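Predicted model follows, preceded by the sequence.
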Amino acid sequence: MPYDTSLDKEVFAKSSENDDGKITVSVHSYNNGPKKLQIVRENKDQEGGLRFVKLGRMTKDEIQAILPLIQEALSNM
C-alpha cells in the first residue's frame, strides 16, 4: 500500500528557531497506528526561505532548545 498523506495525522508540533533555521519536533500517527516522534531540521537559504536538510549532528545549544519540546511531545504520545 503506498503512502497516503490523508491518513497521516499530526498530533503535536513545535519548533525551535535560531539564526540558521529551525528544528521541529512533532508527533504523528499514520492510519490510527502508534504515535511516533519526528525531528526535522530546516536551514535558511540565501533568500531567507527554509529548506529541509538532514538532521545530522546537533550542537549542545540545539539539544537544550529542543529537550523541552521532546518532553512536551512525550506527553502527547
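Sure thing, it's come through. Since the structure is predicted, the reported quantities are computational estimates derived from the model, not experimental observations.

At which residues are the strands of the protein located?
8-17, 21-30, 35-44, 50-53 (DSSP state E).

Point out the most buried one among the ones you listed.
Each of the strands of the chain was scored by mean neighbour count; the highest is strand 21-30, a mean of 18, by mean count of other C-beta atoms under 10 Å. Heads up, the C-betas are built off the backbone N, CA and C, glycines and all.

sorry, back to before: export the strands of the chain to TSV and append columns for mean pLDDT.
Compiled in TSV, the strands of the chain are given as follows (pLDDT from 0 to 100):
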stretch	mean pLDDT
strand 8-17	97
strand 21-30	97
strand 35-44	97
strand 50-53	96
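
Now the ones you listed in a markdown table, please, with extra columns for distance to Ala73.
Shown next, in a markdown table, are these (distance: least, C-beta to C-beta, whole Å):
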| stretch | distance to Ala73 |
| --- | --- |
| strand 8-17 | 5 |
| strand 21-30 | 5 |
| strand 35-44 | 6 |
| strand 50-53 | 19 |
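
mind checking which of the ones you listed is nearest Glu62?
When the strands of the chain are ranked by distance to Glu62, counting by C-beta to C-beta, first place goes to strand 21-30 at 6.2 Å.

Given that closest one, what are its sheet partners and their directions?
Sheet neighbours of strand 21-30, with direction, are listed as strand 8-17 (antiparallel), strand 35-44 (antiparallel) (DSSP bridges).

Figure out how far the first one is from the centre of its chain.
Spelled out, it's strand 8-17. Counting by C-alpha atoms, centre = their mean, to the nearest Å, strand 8-17 is centred 6 Å from the centre of its parent chain.

Can I get that strand in CSV? Just the C-alpha atoms.
Listed next in CSV are the C-alpha coordinates belonging to strand 8-17 (Å, rounded to 0.1, in the frame of the first residue of the first chain):
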residue,chain,number,x,y,z
ASP,A,8,-1.1,10.8,8.4
LYS,A,9,-2.4,12.8,11.4
GLU,A,10,-0.1,15.3,13.2
VAL,A,11,-0.9,15.2,16.9
PHE,A,12,1.7,17.7,18.1
ALA,A,13,4.3,20.1,16.5
LYS,A,14,6.5,22.8,17.9
SER,A,15,9.7,24.4,16.6
SER,A,16,12.9,25.9,18.0
GLU,A,17,14.3,28.7,15.7
